[in-house]
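J.: everything below, folded, please.
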Amino acid sequence: MSNGKKMAMIVRLSWRVCPSYVLLLLANTIVGGGQILAAVLLPRFLLDELTGGRDVGRLAFFAGCIVGTNILFDWLTRLVKKGLDVRSEYVNHKMEELLGEKIMNLSYTRLEDPYYLDLKERAAFVFINQQAMLQLINGAGELLRDGITLLLMMAILLTLSPVLLGVLLVLVGIMLILQKHFYIYQKKMFDDVLPVNRRYNYYVNLTTDGELQKDIRLYDMAGMLGDWVVQYNRQIMNTFDFHYKKQGLYLGLYGVINDLQAALAYGYVALRVATGWFGPSISLGSFSMYVNAAVQFSTGITKFGDSLLRAGQMLGYLDPFIELLRLPDEKEQKEGVPFEGEVESIEFSHVDFTYPGGQQKVLNDISFKVNKGEKISVVGVNGAGKSTLIKLLCRLYRPDSGRILVNGRDIFSYEYKSYMRQVAAVFQDYRLFAFTIGENISCREQGADREKILRLADQVGLSEKLSALPNGIDTLIGKEYDEAGTELSGGQEQKVAIARALYKDASLIILDEPTSALDPMAEAEIYENFHELAGGKTAFYISHRMSSSLFCDRILVIDGGRVVDFDSHENLMKKDGMYRRLFKTQADNYAC
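T.: Down below sits the predicted model:
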């Protein structure tokens with residue numbers, strides 16, 4: 001995509017987010033150009049009158065015009081700047097929100113692909129740390145303002161001497177070449193330092209992560225983490241040390257050329273006042289106008305070149321963000337058949353799957369069928385592919401081959417949102433948020449069914465905890481943002497997560513290691529109530545505790561990514577297979 005198309009895309013985004021901000025940028029352009037033009041032209045008339053007729057009325061008029069325009073433009077500049085300052089923060093936050101929404105709406109597959117993970121990190125870094133988007137938008141306004149100023153000043157200088165204008169343009173061209181080379185170097189420098197900075201931030205965040213402090217203290221890891229922080233910090237400082245030395249050299253050359261440009265303009269105009277060497281003599285007022293025009297031209301073209309190159313630089317920095325933004329959203333996949341009714345049947349037919357970038361199949365020729373209302377326990381050793389199977393059913397990944405059918409139709413042929421409304425899952429790595437307990441269960445800020453929340457909380461065993469809290473389900477989880485918040489135990493957090501899955505009222509419930517943080521009594525309580533909690537819904541239950549299988553209709557046994565058995569507990573215990581060996585081994589350990 002060309003820089004012009006990228007810029008057009010950014011402008012459209014800005015207009016969509018805050019039209020008034022774009023309009024204020026245009027107003028700032030007009031006010032800035034008008035102020036410079038008035039400052040160049042008006043003093044000429046005052047000086048010519050002072051050295052000519054000296055009419056008091058005309059002098060007062062010209063002086064009044066100068067003062068009045070200064071006051072007017074100063075007031076307009078402050079007014080527009082205030083509006084821009086307020087809206088720039090709003091635009092910045094809205095753009096960050098846009099980035100967050102984009103990441104949340106991307107296909108889950110991309111979020112576990114190393115390439116897209118790196119793309120996401122690079123987009124977030126330049127977007128948040130360097131505020132590249134805001135700089136680009138503001139730079140576009142400055143570019144337009146400086147371009148208008150240049151055209152006005154060139155028109156004035158052209159009436160004095162085309163030759164002088166040509167010489168100034170040559171010097172400006174040299175300055176732009178210097179700027180371009182420096183910005184190319186600077187972009188490469190930032191590209192090189194970015195991976196190091198990500199690693200530096202990773203180790204710094206480890207040292208401040210409250211959840212890791214027990215392990216850091218217990219295993220005396222502070223020294224090791226500190227060494228990594230110092231090492232990467234030193235790499236970053238060495239890079240920037242070289243950068244600032246090169247920047248000093250560039251600024252020195254830039255300053256010399258800029259001073260030469262000013263000297264030529266002042267000298268030429270002064271000679272035109274004092275002599276007739278290069279053309280007719282000009283008045284003192286014209287001298288003031290042309291000198292101001294030359295200075296504004298020199299400054300303006302420098303700013304224009306700087307804005308142009310900086311815009312190109314920011315567009316380069318924003319390449320990861322633009323690439324991310326152009327990726328299709330998972331939630332935008334509106335094509336497909338709307339899912340109607342409940343989950344009546346689930347069938348895996350010869351499904352193979354390999355993780356992106358992986359070499360070995362995680363699932364190999366998986367085939368089985370589940371009927372409505374069945375409670376299925378999925379068992380197997382670590383790495384057998386149990387959680388992967390569930391992720392495929394949740395449409396987090398697509399199988400490499402084979403089909404997953406729900407109600408006789410491929411799940412990827414259903415419209416995305418309507419299908420996902422029928423699926424609720426609690427994964428091993430579930431997360432709760434710094435919301436209230438009720439909001440964590442309902443996933444809604446408003447319009448939640450409080451009675452339903454309380455009923456589910458009671459069913460999963462949270463009533464005792466809630467009764468001890470002054471605000472009950474309105475209590476915030478965690479004390480990070482509210483001292484009145486509550487810290488939940490691991491088991492209590494898992495109960496909240498299970499209640500959240502049940503609140504969704506989906507017809508398919510998936511519990512992936514839902515009781516790993518529960519004590520045996522709490523686990524038994526969940527098992528005993530499981531049928532009541534799930535009702536007539538179809539349910540998949542993954543657990544390393546084999547006792548969970550006793551409460552399920554059938555057990556799906558997976559080993560090495562293959563289905564090795566699928567039957568009831570009673571029938572599987574009659575076989576000398578993997579399930580019986582796993583069950584007896586665990587039972588013997590408990591007996592001991």
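
J.: so Ser345 makes contact with Asn371?
T.: Yes - between Ser345 and Asn371 there is a contact at 5.7 Å, judged by CB atoms under 8 Å. To be clear about C-beta, it is placed using only N, CA and C from the backbone, and glycine gets the same treatment.

J.: element containing the closest residue to Cys443 other than its chain neighbours, please.
T.: Spatial nearest neighbour of Cys443, chain neighbours left out: Arg500 (6.6 Å); criterion: CB to CB, 6 or more residues apart in numbering. Arg500 belongs to helix 490-503 when assigned by DSSP states H and E.

J.: tell me what that helix is packed against?
T.: Judged by 3 or more CB pairs under 8 Å, 6 or more residues apart in numbering; DSSP states H and E, helix 490-503 is in contact with strand 423-426, helix 437-442, helix 450-459, strand 508-512, helix 520-534.

J.: again, only using 7 Å
T.: strand 423-426, helix 437-442, helix 450-459 (3 or more CB pairs under 7 Å, 6 or more residues apart in numbering; DSSP states H and E).

J.: could you say what helices and strands the longest one packs with?
T.: In this case it means helix 450-459. helix 437-442, helix 490-503.

J.: point out the most buried one among the ones you listed.
T.: helix 437-442 (a mean of 25; mean count of other CB atoms under 10 Å).

J.: just the CA trace of it, in CSV.
T.: What follows is helix 437-442, C-alpha atoms only, in CSV (Å, rounded to 0.1, in the frame of the first residue of the first chain):
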residue,chain,number,x,y,z
ILE,A,437,-18.5,-10.6,41.1
GLY,A,438,-21.9,-10.2,39.4
GLU,A,439,-20.3,-8.6,36.3
ASN,A,440,-17.8,-11.4,36.1
ILE,A,441,-20.6,-14.0,36.1
SER,A,442,-23.0,-12.1,33.8
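
J.: give me the contacts around that helix.
T.: 432-433, 445, 448, 450, 453, 456-457, 473-475, 477, 496, 499-500, 503 (CB atoms under 7 Å, 6 or more residues apart in numbering).

J.: repeat for stretch 139-158
T.: Taking CB under 7 Å, 6+ apart as the rule, stretch 139-158 contacts 7, 11, 25, 28-29, 32-33, 36-37, 40, 164-165, 289-290, 293-294, 296-297, 300-301, 303-304, 307-308, 310-311, 314.

J.: narrow those residues to those that are buried.
T.: Among the contacts of stretch 139-158, those classed as buried by 16 or more other CB atoms under 10 Å are 7, 25, 28-29, 32-33, 36-37, 40, 164-165, 289-290, 293-294, 296-297, 300-301, 303-304, 307-308, 310-311, 314.

J.: that older thread, could you give the angle of the helix holding Arg500 to helix 450-459?
T.: 130 degrees (axes from the mean of the first three to the mean of the last three CA atoms, to 10 degrees).

J.: what mean pLDDT does helix 490-503 have?
T.: Averaged over helix 490-503, pLDDT sits at 87.

J.: PyMOL command for the buried members of the contacts of helix 437-442?
T.: Here is the PyMOL command that picks out the buried ones among those, judged by 16+ other CB under 10 Å:
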select buried, resi 432+448+453+456+457+473+475+477+496+499+500+503
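
J.: which residue is nearest the middle of this structure?
T.: Centre of the chain computed as the mean C-alpha position; nearest residue by CA atoms, centre = their mean is Leu99, 3.6 Å away.

J.: got the angle for the helix holding Arg500 vs strand 508-512?
T.: Going by the same axes, to 10 degrees, helix 490-503 makes 160 degrees with strand 508-512.

J.: so where's the stretch 101-250 of the chain shaky on pLDDT?
T.: Low-confidence segments of the stretch 101-250 of the chain (pLDDT under 70): 129.

J.: pLDDT score for Ser413?
T.: 92.

J.: which residue comes closest to it once chain neighbours are left out?
T.: Counting by CB to CB, 6+ apart, Gly336 is the residue found nearest to Ser413 once chain neighbours are left out, at 5.5 Å.

J.: which SSE is immediately downstream of the lowest-mean-pLDDT helix or strand in the chain?
T.: One helix or strand of the chain scores below all others by mean pLDDT, DSSP states H and E: helix 520-534, with a mean of 66. Per DSSP H and E, the first helix or strand lying C-terminal to helix 520-534 is strand 538-542.

J.: mean confidence score for that following strand?
T.: Computed over strand 538-542, the average pLDDT equals 89.

J.: same check, this time on stretch 567-577
T.: On average, stretch 567-577 scores 91.

J.: and what of stretch 389-397?
T.: pLDDT averaged over stretch 389-397 gives 92.

J.: show me what the helix or strand containing Leu37 packs onto, helices and strands only.
T.: If you go by DSSP H and E, Leu37 is part of helix 19-50. Judged by 3+ CB pairs under 7 Å, 6+ apart, the packing partners of helix 19-50 are helix 3-17, helix 56-105, helix 132-158, helix 284-317.

J.: what's the angle between the second one and helix 19-50?
T.: Interaxial angle, helix 56-105 versus helix 19-50 (the same axes, to 10 degrees): 160 degrees.

J.: and helix 56-105, how far out from the chain's middle?
T.: 28 Å (CA atoms, centre = their mean, to the nearest Å).

J.: just the residues contacting stretch 292-301, thanks.
T.: 36, 39-40, 146, 149-150, 153-154, 156-157, 168, 172, 258, 261-262, 265, 269.
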